[in-house]
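S.K.: output the structure for:
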Amino acid sequence: MINTDLLWATPTEFNFESGFRSNPPTWESTDKQVYSFWGKMDLNIKGITYIAFHTSGLLSDREFIIDNIRLRPNPKMDEHFLTNFIDEFGQNAKVDYPSKIKSEEQLKQVALDELKSLEGEVMSNRSRFQGWKDGPRFEATGFFRTQKIEGKWAIIDPEGYLYFSTGTSIIRLSNSSTMTGYDFDQKYIPKRTADMTVAEDDQPLNPAPSEALPSRFVSDQKRADIFAWLPKYDDKLGNHFGYRRDAQSGPLKRGETYSFYSANLERRYGETYPESYMDTWRSVTVRRMLDWGYTSLGNWSQSAYYGNNKIPFVAFADIIGEFGTLSSGFDFWHGVPDAYDPLFHQRAVAAAKHVASQINATPWCMGIFMDNEQSFGRGPSDEGYFGIVYNTLKRNAKDVHAKAAFTRSMQDKYETIDALNNAWNKSIASWDAFAAGIDPSFNTEQQRADYSQLLYEYGVQYFSTVNKALKSELPNHLYLGSRLPEWGKPIEIVKAAAENSDIITYNIYQEGLAASEWDFMAEVDAPALVGEFSYGADDAGHVHPTFKIAADQEDRGYKVKRFFESIIDNPYFVGAHYFQYMDGPISGRAYDGENYNAGMVSITDVPYKPMVKAVKEVNSTLYERRYGDLKKDE
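M.R.: Residues are numbered from 1 along each chain as shown. Take a look at the predicted model:
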């Protein structure tokens, strides 16, 4: 069997040399290629003793047939399988499909046809803030708040109406760009500074300075050869280049980027004044959201949408800086903050000030996410689950604030080192030796209980610090937590989040809310919201669907509707946001190579009709399904 603990501790994605997540087929074959997610590229098959299959998050029983497993040599590789793979519209140039755009004229006509069909009006049963106008009314505070009503958690809108948050995220250009394989002399590229409040992957397109352009060079020929077309900087569509100063994964750690999605917006809507197509795009997007019945704009929406005053939104802030970090052993995006470091509080306040300046205390902001998918711990081993505690105990309290806090906590509990040694079956010489760093390996159940206590204390420190920072700037707005990934939500962290956030948020890449896997919600008893979920298929040119795979676009719509309904029917959840608005670039987004068919719209900004149909059906009956048993006050 593959050592999964090792893989989780040192995650490596199958980006290969292409920068894609999962490569397109590299040889002619009728076989179906498995999509790559996690693992090591150079796998030693001698270390495999058996293969295990695992499922989770299923909404119904399934039957799986696994047959004829064997090793076989691969056919000869096509050395040019990536050459000229991406066409001028950012589409897969090597396959055809019904919705593929073939010309700029066709793209403009598709846009005109859609605009004629968009009503762009608030549904008749909705309040000003998209709450349920036909339902009961509660205390109005002028801002969004939460309340438990007859056994169901709810959001109450600023006017006192019941509100359930549905929406879609990534309504911005930051994640639309892809690495081109070109770079510039670094002396011309401005460096990141410690006082920045926006992470690199959340930056807008940010093209390289004009003085850098003469130094442009090919940094990766294989990557550059992927594109059948790229404009020159002085061409009509040359304004859609950008630059990323660092990347999380892939063959390039920095470099020039290009946004085909942004270029396609200019092609679709034209330009009557500088970037007029962006104003048109924002107007069309708001009309779409209203027409599709969404009640919210999801996370990572461009701040220019914040003043639309037609549909509420959630805001986001990165907490970044030079504060200390801790390791859980599975540091997916990065190490977790040392929440005991005073500098972490300072940077949380800086992040709160940044987002406060964007939203200007508007009541249209439903709430604020701070941070995203922190690696708080992952099973199945105790070393992974309690990873933050396990790895921090190895470190020296002189250098690590969290280690000093953990040492104080255990001193307060046990008083003498002998008492701790008896409880943990250890032979630590003194509290000074404990503070300097110990072997954290597990010996006793009491030790496990103490690690659980320390993990909870860390969670309280993290969430309370962020909550206080946010409320110091925005006292009337909901703190939506850090979007716990489904794979990394230790119950200790969940409880700490429930006690120190207004709404717990989860990113759930499963078929839906499988009740047996979420029984803990009754014990926690706090309002919750899904920050991300998605489905994708490979019938629109993508080489990787997404985490949850659908058979085709029709099946995507069916599965997305069923997911939404599983959330609406749960008494603890108060919303769900789909991830994401537009597809990822087929050649992989610049930061980490994500290239999923996860969008409501394609790279050419054309809506997927089955997806639109599904969300309109969900949203048209949203409030009756969720709160239909509550009587309206007479």
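
S.K.: what about residue 611, is that helix, strand or coil?
M.R.: helix (DSSP: H, G, I helix; E, B strand; the rest coil).

S.K.: and residue 62, how far from residue 470?
M.R.: According to C-beta to C-beta, to the nearest Å, residue 62 stands 42 Å off from residue 470. Every C-beta, even on glycine, is put in place using the N, C-alpha and C of the backbone.

S.K.: and what of residue 290?
M.R.: 29 Å.

S.K.: comparing these two, which residue is more hemmed in?
M.R.: residue 470 (27 against 21; other C-beta atoms under 10 Å).

S.K.: can I assume that one is in contact with residue 352?
M.R.: Yes. Counting by C-beta atoms under 8 Å, residue 470 touches residue 352, with 4.7 Å between them.

S.K.: find residues that contact each of these two.
M.R.: residue 370 (C-beta atoms under 8 Å, 6 or more residues apart in numbering).

S.K.: low-confidence stretches in the stretch 451-600 of the chain?
M.R.: Regions of the stretch 451-600 of the chain meeting the criterion pLDDT under 70 are absent.

S.K.: what segments of it are strands?
M.R.: 478-479, 484-485, 504-507, 528-532, 573-578 (DSSP state E, counting those that start in this stretch).

S.K.: what's the answer for the stretch 101-250 of the chain, then?
M.R.: Along the stretch 101-250 of the chain, the segments classed as strands by DSSP E, counting those that start in this stretch run 145-149, 152-156, 162-163, 165-168, 178-179, 182-183, 217-218, 241-244.

S.K.: pick the most deeply packed of those.
M.R.: Of all the strands of the stretch 101-250 of the chain, strand 178-179 has the most neighbours on average by mean count of other C-beta atoms under 10 Å, namely a mean of 30.

S.K.: for that one, packing partners?
M.R.: Contacts defined by 3 or more C-beta pairs under 8 Å, 6 or more residues apart in numbering; DSSP states H and E place strand 178-179 against strand 255-258.

S.K.: any idea of the mean pLDDT for the strand it packs on?
M.R.: Mean per-residue pLDDT for strand 255-258: 98.

S.K.: sheet-wise, list the partners of it with their directions.
M.R.: According to DSSP bridges, strand 255-258 has the following sheet partners: strand 178-179 (antiparallel), strand 241-244 (antiparallel).

S.K.: Throw those strands into a markdown table and include distance to residue 599 and mean pLDDT, thanks.
M.R.: A markdown table is the format used below for the strands paired with strand 255-258 (distance: least, C-beta to C-beta, whole Å; pLDDT from 0 to 100):
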| stretch | distance to residue 599 | mean pLDDT |
| --- | --- | --- |
| strand 178-179 | 14 | 96 |
| strand 241-244 | 19 | 97 |
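
S.K.: out of those, which gets nearest to residue 620?
M.R.: Among the strands paired with strand 255-258, the nearest to residue 620 by C-beta to C-beta is strand 178-179 (35.8 Å).

S.K.: other residues contacting that closest one?
M.R.: Strand 178-179 is contacted by residues 19, 90, 220, 223, 244, 247, 250, 252, 255-260, 585, 587-590 when judged by C-beta under 8 Å, 6+ apart.

S.K.: so where's this protein shaky on pLDDT?
M.R.: 1-17, 38-43, 631-634.

S.K.: quick one, longest helix in it?
M.R.: helix 445-473 (DSSP state H).

S.K.: packing partners for it?
M.R.: Against helix 445-473 (3+ C-beta pairs under 8 Å, 6+ apart) you get helix 342-359, strand 365-370, helix 387-392, helix 401-414, helix 417-424, strand 478-479, helix 491-500.

S.K.: that one to helix 417-424, inter-axis angle?
M.R.: Interaxial angle of helix 445-473 relative to helix 417-424 (axes from the mean of the first three to the mean of the last three C-alpha atoms, to 10 degrees): 110 degrees.

S.K.: the inter-axis angle of helix 445-473 versus helix 401-414?
M.R.: 120 degrees.

S.K.: closest to residue 570 out of the strands of the stretch 101-250 of the chain?
M.R.: Counting by C-beta to C-beta, and looking across all of the strands of the stretch 101-250 of the chain, nearest comes strand 152-156 at 8.9 Å.

S.K.: now the closest one, how far from the centre of its chain.
M.R.: Between the centre of strand 152-156 and the centre of its chain there are 24 Å (C-alpha atoms, centre = their mean, to the nearest Å).

S.K.: tally of neighbours for the nearest residue to residue 458 once chain neighbours are set aside?
M.R.: Here the nearest residue to residue 458 in space, its sequence neighbours aside, is residue 388; by C-beta to C-beta, 6 or more residues apart in numbering that works out to 5.8 Å. When neighbours are counted by other C-beta under 10 Å, residue 388 registers 31.

S.K.: roughly how far apart are residue 388 and residue 431?
M.R.: From residue 388 over to residue 431 (counting by C-beta to C-beta), the distance is 21 Å.

S.K.: again with residue 536
M.R.: Distance from residue 536 to residue 431, by C-beta to C-beta: 53 Å.

S.K.: one more: residue 248?
M.R.: In terms of C-beta to C-beta, residue 248 sits 39 Å off from residue 431.

S.K.: if we can go back for a sec, same question for the longest helix of the chain: list its buried residues.
M.R.: By neighbour count on 16 or more other C-beta atoms under 10 Å, the buried set for helix 445-473 is 447, 450-463, 465-467, 469-470, 473.

S.K.: kindly report the same for stretch 228-235.
M.R.: Within stretch 228-235, the residues that qualify as buried are residue 230, counting by 16+ other C-beta under 10 Å.

S.K.: now the end-to-end length of that stretch.
M.R.: 16 Å (C-alpha to C-alpha, to the nearest Å).

S.K.: let's have the chain start at 6 instead
M.R.: Will do, 6 is the new start, and the previous item becomes stretch 233-240.

S.K.: what sits up against that stretch?
M.R.: Outside stretch 233-240, the residues within contact range by C-beta under 8 Å, 6+ apart are 89-93, 98, 185, 218, 242-243, 245-246, 263, 268.

S.K.: quick one: which of residue 541 and residue 436 has more around it?
M.R.: Higher neighbour count among residue 541 and residue 436: residue 541, with 25 against 18, using other C-beta under 10 Å.
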